[in-house]
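[1] Can you look at this prediction? I've put the sequence above it.
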Number of protein chains: 2
Amino acid sequence: MRRVSLTAIEGIPAVRPGDDLATQIGDAADAQGLALANGVLVVCQKIVSKAEGRLVALADVEPSQEARRVAEQDDKDPRHVEVVMRETARVVRHGHRTWIAETRHGFVCANAGVDLSNADADTAVLLPVDPDASARALLDELAKRGAGPLAVVVSDTFGRPWREGLVDVALGCAGIAPIEDLRGGTDWVGRPLEVTATATADQLAAAAGLLMRKDAGIPAVWVDGVTPKGDGAVRDTLRESSTDLFR
Amino acid sequence: MRRVSLTAIEGIPAVRPGDDLATQIGDAADAQGLALANGVLVVCQKIVSKAEGRLVALADVEPSQEARRVAEQDDKDPRHVEVVMRETARVVRHGHRTWIAETRHGFVCANAGVDLSNADADTAVLLPVDPDASARALLDELAKRGAGPLAVVVSDTFGRPWREGLVDVALGCAGIAPIEDLRGGTDWVGRPLEVTATATADQLAAAAGLLMRKDAGIPAVWVDGVTPKGDGAVRDTLRESSTDLFR
C-alpha cells in the first residue's frame, strides 16, 4: 500500500538564539527512536528564526509617526507595527485591521510574517533572512547524523484570500523540488495534462500542520513515505509581480 | 508518539454517472484491509462530480459570441470557455490566459472549477452542486458499512495568488469542523493566541494530495490519526466579499 506517515517530534527544548537546531531536533528524534532518513523533516519557522536570533525586543523599538498612526487606526501596539513596517517591502493591502505585505523575500502575508505570540513576552519574531538557506544548513547538519538522504522544509502558518482559516505553507526547502512539475505528461485517457504542477513543499507543510503545535511543544514533524526528489528553492516558486493577477 | 497516517485507496473503478461511490470506495478499502472508521476519508472532487453526473459533452455546447471572443483571445476551446462562463457567478480576474472566477458556491478558482483533463475526451467536468452535501451523503452511506465514526472531505486542486504550483483544498466536508478555532486560548507563555484558526479540512486535503493521483487511479485517501471533531460545512468558511481584501 502507498502510505505516508507523519510523526510529531516532541521534546525539543525551548529554542534560544545561537542554539544548534540540528542537534536539538536530532536528539529529540533519537529519543523517540525515529531515524531521520529517507523522508522529509518539516520544521516550523519560529524555532528556526529563534535559533538564528531573528528576535526584536519591543522595549528597544521607537515607533515612527506613521507606525503610531497605523497602530491607532488598527488598535495595535505601535512598536509591533513599527517592526512590521520595517519588514515590509511593499504594502499589498491594508484594511479590516489587516496588514498584508510583501516581504523582501517575496512572500505575501499578514504582518510581513512578524509574530508576537509564542515568543517571550514583548519580543517580536521575524522571518529568517533566507529560509531556503536555513533549510539547507539544517539539512547539511542532519545529513551528518543520518543513515540516508533527507529533505527539509521550513514552514509557516499563513492566511489566504477568499477562505477563512490558516494553512501551513513552505517558506524554504532543501533536498527536494518544491514543485513537482508533471506538465508534458498525459492523463489516463491520453489527454495532455494542462496544469499539474503540484506544490509538493506546500502540501508537505500543510500535512505536517495536522500535528504541528508550535505553541505546545511540537515544532517539527517527520514525514515518511515521501521520497525526496529533485532539489530547488521555495524562493524560485514565488510568482513574479508581472505575472501575478493579485498585486 | 503522535502520528498521522495517510493511505492511498487504490482499485476504485472508473466512475460513471449514477455510480454508488460509497460502495466503490468501501469495497476498494475492504480489498486493502483498510477499515474506514475513526479517521477521515479525503475524496477528489472529480469522482464525486462524475458520480453525480456533473458532466457536459462539449459537442452539445453552442458557444456564445462572448465565449468565442474570450476563446480567441486566450487561445482556448470556445465550447470550454462557454461552459466556464456558465459556471461563473462573477469574474474576479481575467488575464495571462487565466480566468479566475467566483463560482455560485463562493469558491474563487481558475475556470470556475471546470476541468477538461482526465475526463473522457471532449467532456467537461463541473464542480458538484453542493460539495458539503456530497460529503454528507458519502459519509452517511459509509457510516452504514463502518465500524466507527468517520469524516469525509471532498478535495480539489487549486492555484493560489503569489505562489506557483497547485495545492489541494477542501470543497466540502462532513463529520468534522472545517476550521479548528483555537482563539481564546493561550500560548505556552500565557499570551493570548491572536489568530489560530487552523483550516483543518484544507490541511487534510493538502496532506491527502501527497498521495492523490486522480489521473492515475488514486482518487481517495484514508487518514488515520486525526480524530474527527465537531461538524460544519466548508461553505460557511468562505470569506464574505465584504471582509475580503482581494475581490
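    Here it is on my side, so go on.

[2] what's the least confident helix or strand in chain A, going by average pLDDT?
    Across the helices and strands of chain A, mean pLDDT, DSSP states H and E gives its lowest value to strand A:180-181, namely a mean of 82.

[3] Touching that strand from outside, list them.
    A:T196, A:A197, A:T198, A:T200, A:K229, A:G230 (C-beta atoms under 8 Å, 6 or more residues apart in numbering or on different chains). The C-beta positions use only the backbone N, C-alpha and C, and glycine is treated the same way.

[4] could you list every residue that touches the residue positioned nearest the centre of chain A?
    Geometric centre of chain A, nearest residue: A:S155, 2.4 Å, by C-alpha atoms, centre = their mean. Contact analysis of A:S155 by C-beta under 8 Å, 6+ apart lists A:42-45, A:168-171, A:204-205, A:208-209, A:212.

[5] Keep only these that also lie close to chain B.
    A:D168, A:V169, A:L204, A:G209 (C-beta under 8 Å from any C-beta of the partner chain).

[6] B:Q65: which of those residues is nearest?
    A:V169 (41.1 Å; C-beta to C-beta).

[7] From A:L210, how far out is that closest one?
    Remark: distance between A:V169 and A:L210 (C-beta to C-beta, to the nearest Å) = 14 Å.

[8] okay, these two: which has more neighbours?
    A:V169 (27 against 23; other C-beta atoms under 10 Å in any protein chain shown).

[9] hey, where'd the strands end up in chain A?
    Using DSSP state E, the strands assigned to chain A run over residues A:3-9, A:39-44, A:55-57, A:88-95, A:98-103, A:108-110, A:123-125, A:150-158, A:167-174, A:180-181, A:197-198, A:220-224.

[10] so which of those gets nearest A:A71?
    Taking C-beta to C-beta, strand A:98-103 is the member of the strands of chain A nearest to A:A71, at 10.6 Å.

[11] what's the distance between the closest residue to A:P178 other than its chain neighbours and B:A22?
    Leaving aside its chain neighbours, A:P178 sits nearest to A:A201 (3.8 Å; criterion: C-beta to C-beta, 6 or more residues apart in numbering or on different chains). Remark: distance between A:A201 and B:A22 (C-beta to C-beta) = 34 Å.

[12] Among these two, which residue is more densely surrounded?
    Neighbour count, other C-beta under 10 Å: between A:A201 and B:A22, A:A201 has more, with 31 against 21.

[13] give the contact list for the more buried one.
    Counting by C-beta under 8 Å, 6+ apart, A:A201 touches A:V153, A:A170, A:C173, A:I176, A:P178, A:I179, A:V234, A:T237.

[14] ok, now with 6 Å
    Counting by C-beta atoms under 6 Å, 6 or more residues apart in numbering or on different chains, A:A201 touches A:V153, A:A170, A:C173, A:P178.

[15] Rebuild these as a markdown table, extending it with pLDDT and neighbour count.
    A markdown table is the format used below for the contacts of A:A201 (pLDDT from 0 to 100; neighbours: other C-beta atoms under 10 Å in any protein chain shown):
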| residue | pLDDT | neighbour count |
| --- | --- | --- |
| A:V153 | 98 | 33 |
| A:A170 | 98 | 29 |
| A:C173 | 98 | 33 |
| A:P178 | 96 | 29 |
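
[16] on that earlier part again, mind checking which of the contacts of strand A:180-181 are buried?
    A:T196, A:A197, A:T198, A:T200 (16 or more other C-beta atoms under 10 Å in any protein chain shown).

[17] what's around A:E102, how many residues?
    19.

[18] That one is in contact with A:A112, isn't it?
    No: contact between A:E102 and A:A112 fails when scored by C-beta atoms under 6 Å: they sit 8.0 Å apart.

[19] so who does A:A151 touch?
    Going by C-beta under 6 Å, 6+ apart, A:A151 touches A:V40, A:G175, A:I176, A:P228.

[20] just A:D244 next, same as before
    Here A:D244 is in contact with no residue (C-beta under 6 Å, 6+ apart).

[21] Let's see that with 7 Å instead.
    If a contact means C-beta atoms under 7 Å, 6 or more residues apart in numbering or on different chains, then A:D244 has B:P161, B:W162 as its contacts.

[22] out of the ones next to chain B among the contacts of A:S155, who's nearest B:S242?
    A:V169 (25.8 Å).

[23] quick one on the thing from earlier: can you say which of the strands of chain A is nearest to B:W162?
    strand A:108-110 (4.4 Å).

[24] list the helices and strands the closest one packs on?
    strand A:98-103 (3 or more C-beta pairs under 7 Å, 6 or more residues apart in numbering or on different chains; DSSP states H and E).

[25] Alpha carbons of the strand it packs on, as PDB, please.
    Provided in PDB are the C-alpha atoms of strand A:98-103 (Å, rounded to 0.1, in the frame of the first residue of the first chain):
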ATOM      1  CA  THR A  98      -5.100  43.500   8.500                       C
ATOM      2  CA  TRP A  99      -1.800  44.500   7.000                       C
ATOM      3  CA  ILE A 100      -0.900  42.300   4.000                       C
ATOM      4  CA  ALA A 101       2.600  42.900   3.000                       C
ATOM      5  CA  GLU A 102       5.100  41.600   0.500                       C
ATOM      6  CA  THR A 103       8.400  40.800   2.400                       C
END
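
[26] How is chain A divided into domains?
    A:5-53+A:128-243, A:55-125 (automatic domain parsing).

[27] Pick the most buried one from the ones you listed.
    domain A:5-53+A:128-243 (a mean of 20; mean count of other C-beta atoms under 10 Å in any protein chain shown).

[28] Burial check on the spatially closest residue to A:S241 that is not a sequence neighbour, number of neighbours?
    Here the nearest residue to A:S241 in space, its sequence neighbours aside, is A:R247; by C-beta to C-beta, 6+ apart that works out to 5.2 Å. A:R247 is flanked by 16 other residues according to other C-beta under 10 Å.

[29] Which residue, other than its chain neighbours, is closest to A:T227?
    Take A:T227 and drop its neighbours on the chain: the residue closest to it by C-beta to C-beta, 6+ apart is A:N38, 6.9 Å away.
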